[in-house]
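Chemist: A structural model of the following input is requested.
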Amino acid sequence: MMKIKIVLTIFCSILLSSCYAQMPTDAVAEKMLVYQLANGGWPKQLEDKSVVNYGAALTPELLAKIKETTVKHATFDNKATSREVVYLVKAYKKTQNKAYLKAAEKGLDYILEAQYANGGWPQYYPDKALYRSEITYNDDAMINVLNILNDIALQKNDFEVVNSDYIPKAQKAVAKGIDCILKTQVKQNGELTIWAAQYDKDSLLPAKARAFEPASLATSESASLVRFLMGIKNPSDAVRNSIAGAMKWFNTHKIAGYRFDREKGKTAALIADDTSMAWARFYDLEKNTPIFGDRDNTIKSKLEDLSPERRNGYAWYGNWGQKLIEKEYPKWLAANGK
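Modeler: You can find the predicted model right below:
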């Protein structure tokens, strides 16, 4: 009898292995499984600072570098972690390969664990070095995470495939995230304006990041935050007021008839363009005047005063609020205005 059980066990194991071997795979998803860190997050770069590239072959040398990369590199910066979770969910839906769903859900556990009690997310977790622990709207790090959790809460964009236990967790996390967004909107003389790119995780005050990224009003991130808030169904008065305050600021401070030109070989500058409107990347928190940071931690009031490397190496102006003003906000008002 014992011999029969052993034979049956071996047979079942072989059968399962065979089934898994025949299971459809996705080449990029397979690499994402390899890059995933022990805590469920993903790095944007490895221990030797080489950038994660899913187009690169997994050579023995690269596999060794991946193995050496610790959880301190787990991040939401440059779409890391959010990019992988979204891709793996879609890969699972396409292939039904459960390894992809398992990895995506491990990534969701990491996302939920990294959220602060005040609703914000850091740029990195668990690493707290430099500005990595700050609540980070920069480059849409927190918005990318909130979009995933919102998709789970609303069961859309393929996230209906994840375990239903994540639905209430996602709903709670999104509610806390929205509360954080509302609390961090900068006020000037009692009036709502826009947002900074980073905030101190404890005081919720605007904070600096890299030497050329001062504590300031940040237009690119603010445009994304407005879009996220406009996507909320049945918005509260607080959300409505937040959107209205931000849009008033964007309208007041637009530079009509100009766009930022960074064509290679030319000096970056604002140039006339009747079809465009522009905003500086950063504004003084009180004066609403454009400010520009250099690598030596100095803050300039004119683009022309920056070192050539920084002047040409950063998007100091952009049209981030143009679509909001011309199309998205009017459409939102028509559907949600009182």
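
Chemist: tell me, what residue is most central in the chain?
Modeler: Centroid-nearest residue in the chain, with C-alpha atoms, centre = their mean: Ala141, separated by 2.2 Å.

Chemist: Quick check, that residue in contact with Lys44.
Modeler: No - with contacts defined as C-beta atoms under 8 Å, Ala141 does not count as touching Lys44, sitting 10.5 Å away. Quick note: C-beta positions are derived from backbone N, CA and C, even for glycine.

Chemist: give the contact list for Lys254.
Modeler: Taking C-beta atoms under 8 Å, 6 or more residues apart in numbering as the criterion, Lys254 is in contact with 277-279, 321-322, 325.

Chemist: For Tyr116, which residues are in contact?
Modeler: Contacts for Tyr116 were tallied using C-beta under 8 Å, 6+ apart; they are 122, 135, 180, 201.

Chemist: Next: Ala268.
Modeler: If you count contacts by C-beta under 8 Å, 6+ apart, Ala268 has them with 260-262, 303, 311-312, 316.

Chemist: Most neighbours among those residues, which one?
Modeler: The most neighbours of any of those, using other C-beta atoms under 10 Å, belong to Trp316, which has 24 neighbours.

Chemist: now Gly318, which residues is it bridged with?
Modeler: On DSSP bridges, the residues paired with Gly318 through beta bridges are Trp279.

Chemist: Near it, how many other residues are there?
Modeler: The tally of other residues near Gly318 (other C-beta under 10 Å) stands at 17.

Chemist: go on, the one 3 residues further on?
Modeler: For Gly321, the count of nearby residues is 26 (other C-beta under 10 Å).

Chemist: Not counting sequence-adjacent ones, nearest residue to it?
Modeler: In space, Gly321 comes closest to Phe250 once its chain neighbours are excluded; the distance is 3.9 Å by C-beta to C-beta, 6 or more residues apart in numbering.

Chemist: which SSE is the nearest residue to Tyr100 once chain neighbours are set aside in?
Modeler: Spatial nearest neighbour of Tyr100, excluding adjacent residues (C-beta to C-beta, 6+ apart): Tyr92 at 4.0 Å. Mapping Tyr92 onto the secondary structure by DSSP states H and E places it in helix 82-95.

Chemist: list the buried ones in that helix?
Modeler: For helix 82-95, the buried set under the neighbour-count rule, 16 or more other C-beta atoms under 10 Å, comprises 82-92, 95.

Chemist: Next: stretch 61-77.
Modeler: Taking 16+ other C-beta under 10 Å as the neighbour-count basis, stretch 61-77 is seen to contain the buried residues 62, 66, 69, 71-77.

Chemist: Residues in contact with it: which ones?
Modeler: Counting by C-beta under 8 Å, 6+ apart, stretch 61-77 makes contact with 34-35, 37-48, 50, 56, 58, 80-82, 110, 114, 121-127, 132, 136, 138-139, 141-142, 144-145, all of which sit outside it.

Chemist: Val145 contacts Ser82, doesn't it?
Modeler: Yes - counting by C-beta under 8 Å, Val145 does reach Ser82; the two are 5.6 Å apart.

Chemist: Just confirm the residue nearest to Gly321 is within a helix.
Modeler: Yes - the assignment for Phe250, made by DSSP: H, G, I helix; E, B strand; the rest coil, places it in a helix.

Chemist: Contacts only, for it.
Modeler: Under the criterion of C-beta under 8 Å, 6+ apart, the neighbours of Phe250 are 194, 219, 222-223, 226, 279, 321, 324-325.

Chemist: Buried ones among those?
Modeler: Among the contacts of Phe250, those classed as buried by 16+ other C-beta under 10 Å are 194, 219, 222-223, 226, 279, 321, 324.

Chemist: of those, closest to Asp165?
Modeler: Out of the buried ones among the contacts of Phe250, the one with the shortest distance to Asp165 is Val226. That distance is 31.7 Å, counting by C-beta to C-beta.

Chemist: before we move on, back to that, can you list residues touching both of Val145 and Ser82?
Modeler: 76, 111.

Chemist: Take the contacts of Tyr116 and write them to CSV, including secondary structure.
Modeler: Supplementary listing: those in CSV, determined by three-state DSSP:
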residue, secondary structure
Pro122, strand
Ile135, strand
Cys180, helix
Lys201, coil
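
Chemist: how about the residues you listed, which pair is most distant?
Modeler: Greatest spatial distance among the contacts of Tyr116 (C-beta to C-beta): Pro122 and Cys180, at 12.0 Å.
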